[in-house]
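Novice: Give me the fold of what follows.
(4 chains)
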Amino acid sequence: MPKIRKVLVANRGEIAIRVMRTCHELGIGTVAVYSEADRDALHVRQADQAFCVGPAPSRESYLVQDNIIAAAKKAGADAIHPGYGFLSENPNFVRACEKAGLIFIGPPASSMESMGEKTRARAHMVKAGVPVVPGATEPFPTAEAAKAFAASVGYPVMLKASGGGGGKGMRKVESAADFDSAWRAAKSEAMNSFGNDAVYLEKYLDKPHHVEVQVFADTHGHCIHLNERECSAQRRHQKVVEETPSPILTPQLRAQMGEVAVKAAQSVGYVGAGTIEFLVDASRKFYFLEMNTRLQVEHPVTEWVTGIDLVAWQIHVANGGVLPFLEPISPRGHAIEVRIYAEDPRTNFMPSPGKIQYLRVPGGPNVRDDSGVYAGYTVPNFYDPLISKLSVWAPTRPEAIARMRRALDEYVVKGITTNIRYLRAIMENEEFLGGDYDTAFLPRQHPKLLGEDDPALTEVSLLAAAVYTHQRAQKQARSLVSTTSSGKSGPSAWRSGGRFHRLGGRS
Amino acid sequence: MPKIRKVLVANRGEIAIRVMRTCHELGIGTVAVYSEADRDALHVRQADQAFCVGPAPSRESYLVQDNIIAAAKKAGADAIHPGYGFLSENPNFVRACEKAGLIFIGPPASSMESMGEKTRARAHMVKAGVPVVPGATEPFPTAEAAKAFAASVGYPVMLKASGGGGGKGMRKVESAADFDSAWRAAKSEAMNSFGNDAVYLEKYLDKPHHVEVQVFADTHGHCIHLNERECSAQRRHQKVVEETPSPILTPQLRAQMGEVAVKAAQSVGYVGAGTIEFLVDASRKFYFLEMNTRLQVEHPVTEWVTGIDLVAWQIHVANGGVLPFLEPISPRGHAIEVRIYAEDPRTNFMPSPGKIQYLRVPGGPNVRDDSGVYAGYTVPNFYDPLISKLSVWAPTRPEAIARMRRALDEYVVKGITTNIRYLRAIMENEEFLGGDYDTAFLPRQHPKLLGEDDPALTEVSLLAAAVYTHQRAQKQARSLVSTTSSGKSGPSAWRSGGRFHRLGGRS
Amino acid sequence: MTGRSTRYVATVRGQKNSTPHTLDVQAHQGGQYSVTLNGTRHELEAVVLPHGAVSLLVDGQSYGVEFEEAGDDVAVLVKGHVSRIDVADERKLRLRAATAAFAVEGRQVIAAPMPGKIIKVFVKVGDTVTEGQGLLVMEAMKMENELKATKAGKVTEVSCAEGTTVENNTKLVVIE
Amino acid sequence: MTGRSTRYVATVRGQKNSTPHTLDVQAHQGGQYSVTLNGTRHELEAVVLPHGAVSLLVDGQSYGVEFEEAGDDVAVLVKGHVSRIDVADERKLRLRAATAAFAVEGRQVIAAPMPGKIIKVFVKVGDTVTEGQGLLVMEAMKMENELKATKAGKVTEVSCAEGTTVENNTKLVVIE
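Specialist: Below you'll find the predicted structure:
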């Protein structure tokens, strides 16, 4: 078996850095690729080598297979790690790597194809005896056909992009009246995101939880699961908070879902790290949703409770190694991850690219920061607004929540608006604390999560504003009196520090 | 039992922040004290309340018991956590807290007294049947008496301050010729550090390892040990790297030492977190060295492998709680800590206070940073040069070392000189990798640890210097030609960034 | 301790109950102040940190505070809590009283909240819109974002076209 | 790609083998350079980061580099490796050749490497010292630090007294 000595990471941001960290620890060389907008990005400096693969838009750089493969050949890399997103679930890219003599760190093209398109994946799962959500298995040619089918399974229904993931091209439809606009929006988003506007639909379940199971398979026929992640805290089908263990799973249910997940992976000849996503409804029935045939954004929580470095396992399996453990591992303690986005929850989560003036990440016991940014970095406008994943571990869920609150309180990002305060509010929300929060939790609690005024802090703000105004007035008076006395400034050189944006909403 | 609701932390720097982090997670209010030099220190902002306790020198602020207690009363604190150093091992302070109706988070004054003075501690241990290093048990009145005794046990010998710890007032003496100057130095350092110049001496052991055992006792008569820490990587008796498990301990030896450590703690009626330090010689005999009656600097490695928050346990025990576990806990995986100091290894570890221009701490899986500084902070001249403790966890020792290397490579501190590169060299040193490094390891390997020139990097430096010079010359030429054309600067605005100090040694 | 004190009248913007508060500020040495708010005296100490934030002690309570000037107001950020406060001294209050008669209701300008691409424009000049109605869709950072009318009115200006890229703060739509 | 190139001669200080290296630098657009070192041509790309460091790509190899001007030399920090390099262009080399005759051996000035307190002074004016001999003890950050002579010679100046506090870079002892 060829030993992997140098890995090109076909990605950017935090996940590129995450993969390079493990390579670095394993003594494997790293190659970064970057778009013209990313020359000063952190992953370029983290790598041993770096090559430009095109202009800022992903379609002209990170998605151009030929450029990525040319960079790998030029650098002398023997393997490519795709991260998540971009080319990570593209079977043509897997084949292109193989043709170029490069190891693709991920599953074979064939399992990707079986699981890549949702309708095909559903059909596979039905055949393998895995429970699926009631709905159509084929994309609908026309809005009318889809609408008729929706009426037959009953509203609410979910529209989903056949070629997609990550919440893009998904729409919940409450009633026939909303169907047409939702259909149009889903198709257009699907086309923009995946270059494929095929959309199918499913019945919407009652208070569904999004619970996914991490699976891992090697090339020797072994496949195990590494427990679940609860990912029901979603906004527009974009995960915001993930935790493990799921607060709603019994050991029996965990074992059952794990077994089904392994069966699902094996049925498509899976190899490497994969995730089987399920919906678990109010009666704790679970249904196959989709399989992500790559490393998941939220993999750190699994790493916390198992002690496993999932990227190291990916490389080990790609090298032809046997899985280090062949039995399921009991989770140890509890882990939570939150996604810190450059976005403003008060203005409908509007992205807020810009320059990070100051950054201080939390530290201390059992806090992990996976970020792709640094102080002074300008978050560009072209890519995902995820700037950091913050995760914590503690022996129990309440302790983990308390730790996450503490860590969020320590996190300082100046210059751009982030969702840190919103995440902090989630960690205090009664429904979240209770543990039984379904996928509608975030939209339902939205007004509460934006936070309320605290009279004690308002008083402090009044005092601070008065002193600030007073100091400013004094300074102006002084500078009017003696503009010539240089060198000696006042006792405390006040200045309006870095900007904090969108203070009072739009005006 | 009174419930602790608000804790004053009678300390500064990383340990004050460490303690406050746990208080924050437990919902306990925090009160900082600070000297006039520390108004802008991080621990002042980390706390809910903060009070000034005097001028910059510790003797006039952090060591003034009345000021600390007055601040606690003013703030309405019900307990005081002393951290390490300062008042943490002062039984008079414990009594003063009790008198003021404040809970001291630590052992009772009586156990502190039994263990506080080294000669008394030795006598106690001999009585309790704990093995001790051959030597005198009383301070010597004169240099002559001490010298005579040294001759009787045979050189080399160790001089030690009776009232001290942390390597201050300790001197190894190789032969009679060096005795007088070492004696003077030890006494003067002891007086400066502890206000007590009593010095005793012990036989110096063959290739001794410094291995210490963490013990924990509650007020209900329970006492357990939480395994050992290997702390042999020392410089002037100041620990630099700590790890657990110790690479030289067998499970049998671990169990034996743990048992003896518990016996030692129980013999003095100990309560709370304490550490029994042992020397383990080449034949793997172990000898009691001293007991530290407080939280240890290097406690994070124990937290990594046990999952326990030791500060939370301290507060729990101070609240009268029963130890959460009553059986020894098997260590899980391997943890290493390094101490990042503001000092220059190339100039005999000269401290380097100054302003931190830029700071980026490492992240990713299983890396923990406990620092007391922030970007823009000026490290003052008055206190210990420890700016951060970096620790990592991994399933095995080689993986932990690889992870520490990676984390140190990511650590960026600009503006002041640190020992990061020196620590990095330790992580590559053959003797350290072998695991059997004794307390003379760092002095012995010193020249190697300063690092050698790398021809490949020299070539990069040459290329970089040429481009830098070229660019500078072009800029000068441009500014000579047109000083009036403002606004439009060159394509790449080069500038000599933050300073990096002491580049070529002194000149 | 007995220096001259200055009186300010401060109003918190956007609150249901926006009674003006009276504050008397007395400056001492070294960034220390005594401030009386609604009859209660507080001791403050303010230190500017290297990154521009202010470490503020209020009667021993420790806060990290940031300030931003927002027109005539001061915006204050403390523990993630943002208040926009109008602070006026007596001269300013008198000036205001004199010019109050000239105050007019402002028009609503929808500006680009970030750089991005205009995907869709739903309105044209002359349209009547209701509060919350979608005006246009922008794409930035791979997300589509709908900009909505924050009050009802008539569209008097549309200064962007579908498919074009706009900078931060570019005026897009005006409603009156 | 065919712009004019400039020749430099660079010497690494403090190395056993300090042969001068010849470098030909050719600047292109956008921070890109071709540099020929000892006959091998390298493609470089340099980008200045917000905190002053330079992200340098050398034939696709990625390095974070920092520069500091140290007298006539340039000090370069790359991956924790510090080199002090003398880079001269042809004009500078000619100037040097002309003035080489006037070069003298410098005296040794021991300056305070940090602010601190002088605890002990071991030497006085007129003393002869050997390389590595202790000159004085300073205390800073709770540690006592001995400053030593970096070459043999005679003490010509002692400008500090025991018990006094000195600032960073204060001249303490001069040896000639």
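Novice: List the buried residues of the helix or strand that contains C:Asp24.
Specialist: Element membership for C:Asp24 (DSSP states H and E) is strand C:21-27. Across strand C:21-27, burial judged by 16 or more other C-beta atoms under 10 Å in any protein chain shown covers C:His21, C:Leu23, C:Val25, C:Gln26, C:Ala27. Any C-beta I mention is one placed from the backbone N, CA and C, and that applies to glycine too.
Novice: again, but for stretch C:33-50
Specialist: Of all the residues in stretch C:33-50, those buried under the rule 16+ other C-beta under 10 Å are C:33-37, C:42, C:44-50.
Novice: from the residues you listed, which ones fall inside strands?
Specialist: Of the buried residues of stretch C:33-50, the ones assigned to strands by DSSP state E are C:Tyr33, C:Ser34, C:Val35, C:Thr36, C:Leu37, C:His42, C:Leu44, C:Glu45, C:Ala46, C:Val47, C:Val48.
Novice: can you pull the contacts of the third one?
Specialist: Yep, that's C:Val35 we're talking about. Applying C-beta atoms under 8 Å, 6 or more residues apart in numbering or on different chains, we find C:Val35 in contact with A:Leu463, A:Ala466, A:Val467, C:Leu23, C:Asp24, C:Val25, C:Gln26, C:Arg41, C:His42, C:Leu44.
Novice: And for stretch A:138-153, what's in contact with it?
Specialist: With C-beta under 8 Å, 6+ apart, stretch A:138-153 has contacts from A:119, A:134-136, A:157, A:159, A:162, A:173, A:176, A:179-180, A:183, A:198-203.
Novice: which of these are buried?
Specialist: Among these, the ones that count as buried by 16+ other C-beta under 10 Å are A:119, A:135-136, A:157, A:159, A:162, A:173, A:179, A:183, A:198-203.
Novice: can you tell me which of those are in helices?
Specialist: Residues of those located in helices (DSSP state H): A:Thr119, A:Phe179, A:Trp183.
Novice: quick check, nearest of these to B:Gly169?
Specialist: A:Thr119 (76.4 Å; C-beta to C-beta).
Novice: For that closest one, give its distance to chain B.
Specialist: A:Thr119 sits 36 Å away from chain B, going by C-beta to the nearest C-beta, to the nearest Å.
Novice: Wait, that residue touches A:Tyr200, no?
Specialist: Yes: with contact defined as C-beta atoms under 8 Å, A:Thr119 counts as touching A:Tyr200 (5.4 Å).
Novice: between the two, what contacts are shared?
Specialist: Contact criterion C-beta under 8 Å, 6+ apart; residues shared by A:Thr119 and A:Tyr200: A:Ala136, A:Thr137, A:Glu138, A:Pro139, A:Ser162.
Novice: Quick check: which of these has the minimum pLDDT.
Specialist: In terms of pLDDT, A:Thr137 ranks lowest among the shared contacts of A:Thr119 and A:Tyr200, with 68.
Novice: how about residue 53, what does it touch?
Specialist: Using chain A here. A:Val33, A:Tyr34, A:Ser35, A:Ser61, A:Tyr62, A:Val64, A:Asn67, A:Ile68, A:Ala71.
Novice: right idea, wrong chain: chain C
Specialist: By C-beta under 8 Å, 6+ apart, the residues touching C:Ala53 are A:Lys414, A:Gly497, C:Gly64, C:Val65, C:Glu66.
Novice: just the residues you listed now: which is nearest chain D?
Specialist: Nearest to chain D among these is A:Lys414, at 13.2 Å by C-beta to the nearest C-beta.
Novice: Pairing-wise in the sheet, spell out the partners of that closest one.
Specialist: A:Tyr358 (DSSP bridges).
Novice: Show me chain A divided up by domain.
Specialist: Split into domains by automatic domain parsing, chain A comes to A:6-105, A:134-203, A:209-450.
Novice: so A:Ala273 sits in a strand?
Specialist: Yes: A:Ala273: assigned to a strand according to DSSP: H, G, I helix; E, B strand; the rest coil.
Novice: My guess is it contacts A:Gln214. True?
Specialist: Yes: shown here, A:Ala273 and A:Gln214 form a contact pair, counting by C-beta under 8 Å, at 7.2 Å.
Novice: any shared contact partners between the two?
Specialist: A:Gln296, A:His299, A:Leu310.
Novice: residue boundaries of the helices in chain C?
Specialist: Per DSSP H, chain C carries helices over the ranges C:90-99.
Novice: Can you list the low-confidence ranges for it?
Specialist: For chain C, applying pLDDT under 70 flags the ranges C:1-3, C:16-17, C:97-106, C:142.
Novice: Show me what residue of it gets nearest to chain A.
Specialist: For chain C, C-beta to the nearest C-beta, closest residue to chain A: C:Gly52, 1.9 Å.
Novice: Backbone torsions only: list them for the residue of chain C found nearest chain D.
Specialist: Proximity of chain C to chain D (C-beta to the nearest C-beta) peaks at C:His51, 12.8 Å away. Main-chain torsions, C:His51, degrees, to the nearest 10: phi -90, psi 20.
Novice: B:Ala375 is in contact with that one, correct?
Specialist: Yes: between C:His51 and B:Ala375 a contact is recorded at 7.1 Å, counting by C-beta under 8 Å.
Novice: which of the two has more neighbours?
Specialist: Counting neighbours by other C-beta atoms under 10 Å in any protein chain shown for C:His51 and for B:Ala375 shows that B:Ala375 has the greater number, 23 against 19.
Novice: What are the neighbouring residues in contact with that one?
Specialist: Listed by C-beta under 8 Å, 6+ apart, the contact set of B:Ala375 reads A:Tyr358, A:Arg360, A:Ala375, B:Ile356, B:Gln357, B:Tyr358, B:Leu359, C:Pro50, C:His51.
Novice: ok, A:Ala273 and A:Gln214, which is more surrounded?
Specialist: When neighbours are counted by other C-beta under 10 Å, A:Ala273 and A:Gln214 differ, and A:Gln214 comes out ahead with 28 against 25.
Novice: Can you name the residues that contact the more buried one?
Specialist: Neighbouring residues of A:Gln214 by C-beta under 8 Å, 6+ apart: A:His225, A:Leu226, A:Asn227, A:Glu228, A:Arg229, A:Ala273, A:Gly274, A:Thr275, A:Gln296, A:His299, A:Thr302, A:Leu310.
Novice: Now the residue of chain C closest to chain D: closest residue in space, sequence neighbours ignored.
Specialist: A:Tyr358 (4.4 Å; C-beta to C-beta, 6 or more residues apart in numbering or on different chains).
Novice: since we're on the one you found, how many residues are nearby?
Specialist: Neighbour tally, A:Tyr358, other C-beta under 10 Å: 20.
Novice: Counting residues, which helix of chain A comes out longest?
Specialist: With secondary structure taken from DSSP H, chain A has its longest helix at helix A:455-481.
Novice: Return the set of buried residues in that helix.
Specialist: Neighbour-count burial for helix A:455-481, counted by 16+ other C-beta under 10 Å, picks out A:457-473.
Novice: any idea how far A:Ala121 is from A:Tyr270?
Specialist: With distances taken as C-beta to C-beta, to the nearest Å, A:Ala121 is found 12 Å from A:Tyr270.
Novice: tell me, what's touching those two both at once?
Specialist: The contact sets of A:Ala121 and A:Tyr270 overlap at A:Met115 (C-beta under 8 Å, 6+ apart).
Novice: For A:Asn292, name its beta-bridge partners.
Specialist: On the basis of DSSP bridges, A:Asn292 is bridged to A:Thr275.
Novice: Just the pLDDT for it.
Specialist: pLDDT recorded at A:Asn292 is 95.
Novice: So A:Val305 sits against A:Glu242, correct?
Specialist: No: taking contacts as C-beta under 8 Å, A:Val305 lies outside contact range of A:Glu242: 12.0 Å.
Novice: And those two? Which one has more around it.
Specialist: Shown here are A:Val305 and A:Glu242; by other C-beta under 10 Å, A:Glu242 has more neighbours (28 against 21).
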